[in-house]
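# quick one, what's the 3D model for this:
(4 chains)
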2 protein chains.
Amino acid sequence: MTELGPGDASLLRKVNTKVTLRALRHEGAATLTRLGRITGLSRQTVEAVLDELAERGYVRELPPDEGVMGRPARRFAFRADAGYVVGMEIGGDGIVAALADLNGEVIAWRRAEVSGDATAHERLEAARRTSQACVDGAGVARRQVWAVAAGTPGIVDRTGRVSLAITLPGWTGVDLAGLAGRWLGGTALAANDANLAALAEHWRGSARHASDVVYVLTGHRTGAGILIGGRLHPGRTGAAGEIGTLRQVGWEDAARELVKESSAAEVFEAALNGDREAARRVDHYAERLAIGASALALAVDPELLVLGGGHSRAGDVLLEPLRRHLAELCVSAPEVVASTFGDEGVALGAVRLALDHVEREILGI
Amino acid sequence: MTELGPGDASLLRKVNTKVTLRALRHEGAATLTRLGRITGLSRQTVEAVLDELAERGYVRELPPDEGVMGRPARRFAFRADAGYVVGMEIGGDGIVAALADLNGEVIAWRRAEVSGDATAHERLEAARRTSQACVDGAGVARRQVWAVAAGTPGIVDRTGRVSLAITLPGWTGVDLAGLAGRWLGGTALAANDANLAALAEHWRGSARHASDVVYVLTGHRTGAGILIGGRLHPGRTGAAGEIGTLRQVGWEDAARELVKESSAAEVFEAALNGDREAARRVDHYAERLAIGASALALAVDPELLVLGGGHSRAGDVLLEPLRRHLAELCVSAPEVVASTFGDEGVALGAVRLALDHVEREILGI
DNA sequence: CCGACATACGTGAATTGGTTACATAAGTGG
DNA sequence: CCACTTATGTAACCAATTCACGTATGTCGG
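Purely as a prediction, here's the structure:
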């Protein structure tokens, strides 16, 4: 995994820069002495590292704390506003774009509705407009955007091209990463929506403490994303988790059956209120989900299964039968929880993906 | 994944030791100058590193090459005989033990038959005797054995305990790692057999060039192992890949149906010779395999699917229908190949697991 | 046998990065 | 205004590495 090269002396400085930067970002703002204690490095080393980082613009010196004993200490903070990233969801219902600083704090959201049968061109135009408006509206210069990531239904290959999308017309073959790179500055990435939502849950949601996670995205479409060792596992073609395509699983029409004539929310509501027929439909839907989820859970044996997407808002009405069916199917079923994020999960995961890229490539963390 | 600590100066030496040792092991034997060129380090550094390694006993100086121009260069080689590891399979048919040096060269095999309905105690005794005989017979002192690993059917948890085994009587609950540690010296590890076989294929077999691999172990029992990023993916409970337990998959009795009254080899042979009924049975078996394999392939989206275990010897008679059924079930089916190792795969994978442990913990690679 | 050549070894100085120890500076609190 | 607390600044030292250059030790051709 980690390529290991020979170490000349400057490798040490690189390592210590990473360690210091990580500690500083974790602390928010800190003095030299404190950073030294945390990292295990000497104060002098930390000082040298921070002066260098300040020079490069990644770190800012703050005015010293007042009212404390002793000589005032130099304080530093990571410059989260040194750059920005954009994460977006390009889905069947519309576009969600989020602008975040280098700490991952989202400073602007933007949404746009796009009908499910819009052409690829219309959808892409909406995405371009929405992402650009999100950045411009926040008063951030486009060249300040270091990376962009987009999540979308369907299979997205390693280069960021949509290699297969059944639910969106004309979507197969779209070079999403290539296009998004032209809308804004910086590197552009694209990935499957469920995968990104999984990433978001691991970052700040229900899956914070798990490293192997299966995420099941419910809604009009049913999909899944997999995290292994806390990292995205896209697979060779980007199709990892696309268990729904297996006929035996029946994810294709699971959602359709659930919402036959009423809305999903109504069905869940009715089931909660004791409607036997609604309860039966929810149970049947849960069983369908469980079959696919159990295949994933048996394959990956994750610590956690997160239920996300539109229908996860139903909560225990859906979670309880899902847990029950899953327990029947798995030797040792994983814990099942609802996702923390609603319809912001995919865009948030895209932010995280873009940040990962920035931290790896630019900050060298 | 990688924990990153602060770097004092000695970190550099550690890194360069690893790089040098890796290069040396790759070369077999090499001069200082050559190692310097390969690693990108200066000759002096390489020399200091190797002198240190020689002192610690990991490396040996060889007599210089003769008949070449210029001043004879100091030559070094990794001391593969500085320690040994044992890998073993404890299966339903019997025991396979392999003793290997630190280069992974197997210097002794040992086998013992144990009937499928032997008690756990009998099986363990056979394993103890076989592994000890393997080491003693090769003239290696038991304290020279740095690590032992064992593969077995069933689910093996992270501590090396068999948490569930259906096929072997009394096997559930056996603390395999704990016991194996007492038979021989060193650390002891235990894992699922299919997982280890997958590791062996990645190490020296059909899966050498793939990093994400699904391995399907055929035979009396059908199981699977998963490699992600070239590393074992055991999952939370060690049950990753145990898709066979899903009823819809039908791995439980797939093998039983194939061999109804004749032996598996006979069925394959007959199918090859144009026997329609045999071909139908093989096709049905392949379909059963493909259903489970496709679930794994869709979940993991691997680069390669390796078919191993007893029935993989059948070759194309089985591979061809498997590929066909897999292509029907998967969006983009992975390449399917037969395993390189027959009944030695599990023990060989155990050797690799033990070596991984040694390299990580002792050599610090 | 001997000189030319090729190649590797050996040594010392310079560089980079890091640590420890201790004197000094700059605040707070009575 | 003095004691106290805490951080900074400086100097000496160490560890690991590289570069430059001189030296050693073999082969090859006559």
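# in the stretch 101-250 of chain A, which residue sits closest to DNA strand D?
residue A:103 (23.1 Å; Cβ to the nearest atom of the strand). Heads up, the C-betas are built off the backbone N, CA and C, glycines and all.
# residues near that residue, how many?
Counted with other Cβ atoms under 10 Å in any protein chain shown, residues neighbouring residue A:103 total 12.
# tell me the spacing between it and residue A:28.
Separation of residue A:103 from residue A:28 (Cβ to Cβ, to the nearest Å) stands at 9 Å.
# pLDDT score for the closest residue in space to residue A:64 that isn't next to it in sequence?
Sequence neighbours aside, residue A:72 is the residue nearest to residue A:64 in space, at 3.5 Å (criterion: Cβ to Cβ, 6 or more residues apart in numbering or on different chains). For residue A:72, the pLDDT comes out at 93.
# helix or strand: which one has residue A:72?
Using DSSP states H and E, residue A:72 falls within no helix or strand.
# same check on residue A:76?
Assigned by DSSP H and E, residue A:76 falls in strand A:75-78.
# what about that strand, distance to the chain center?
27 Å (Cα atoms, centre = their mean, to the nearest Å).
# and for stretch A:74-82?
Distance, centroid of stretch A:74-82 to centroid of chain: 25 Å (Cα atoms, centre = their mean).
# cool, and stretch A:190-205?
3 Å.
# could you see whether chain B lies near that stretch?
No: judged by Cβ under 8 Å from any Cβ of the partner chain, stretch A:190-205 stays clear of chain B, getting no closer than 10.7 Å.
# can I get the CA coordinates of that stretch in PDB?
What follows is stretch A:190-205, C-alpha atoms only, in PDB (Å, rounded to 0.1, in the frame of the first residue of the first chain):
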ATOM      1  CA  ALA A 190     -16.400  11.600  -9.300                       C
ATOM      2  CA  ALA A 191     -17.800   8.500  -7.500                       C
ATOM      3  CA  ASN A 192     -20.900   6.500  -6.900                       C
ATOM      4  CA  ASP A 193     -23.400   8.300  -4.600                       C
ATOM      5  CA  ALA A 194     -23.800   5.500  -2.100                       C
ATOM      6  CA  ASN A 195     -20.100   5.200  -1.700                       C
ATOM      7  CA  LEU A 196     -19.800   8.900  -0.900                       C
ATOM      8  CA  ALA A 197     -22.700   8.800   1.500                       C
ATOM      9  CA  ALA A 198     -20.900   6.000   3.300                       C
ATOM     10  CA  LEU A 199     -17.800   8.100   3.500                       C
ATOM     11  CA  ALA A 200     -19.800  11.000   5.000                       C
ATOM     12  CA  GLU A 201     -21.200   8.700   7.700                       C
ATOM     13  CA  HIS A 202     -17.800   7.500   8.600                       C
ATOM     14  CA  TRP A 203     -16.500  11.100   8.700                       C
ATOM     15  CA  ARG A 204     -19.100  12.700  10.900                       C
ATOM     16  CA  GLY A 205     -22.100  10.500  11.100                       C
END
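# any common contacting residues for residue A:103 and residue A:28?
residue A:78 (Cβ atoms under 8 Å, 6 or more residues apart in numbering or on different chains).
# give me the number of residues near the closest residue to residue A:324 other than its chain neighbours?
Computed as Cβ to Cβ, 6+ apart, the closest residue to residue A:324 that is not its neighbour in sequence is residue A:286, at 7.7 Å. Around residue A:286 there are 26 other residues, counting by other Cβ under 10 Å.
# can you pull the contacts of residue A:286?
A:318, A:321-322, A:324-325.
# surely the residue nearest to residue A:64 and residue A:65 touch.
Yes: Residue A:72 sits in contact with residue A:65 when judged by Cβ atoms under 8 Å, with a separation of 6.7 Å.
# name the helices or strands packed onto the lowest-mean-pLDDT helix or strand in chain A?
Sorting the helices and strands of chain A by mean pLDDT, DSSP states H and E puts helix A:254-258 at the bottom, at a mean of 77. Other elements packing on helix A:254-258 under the criterion 3 or more Cβ pairs under 8 Å, 6 or more residues apart in numbering or on different chains; DSSP states H and E are helix A:264-272, helix A:276-300.
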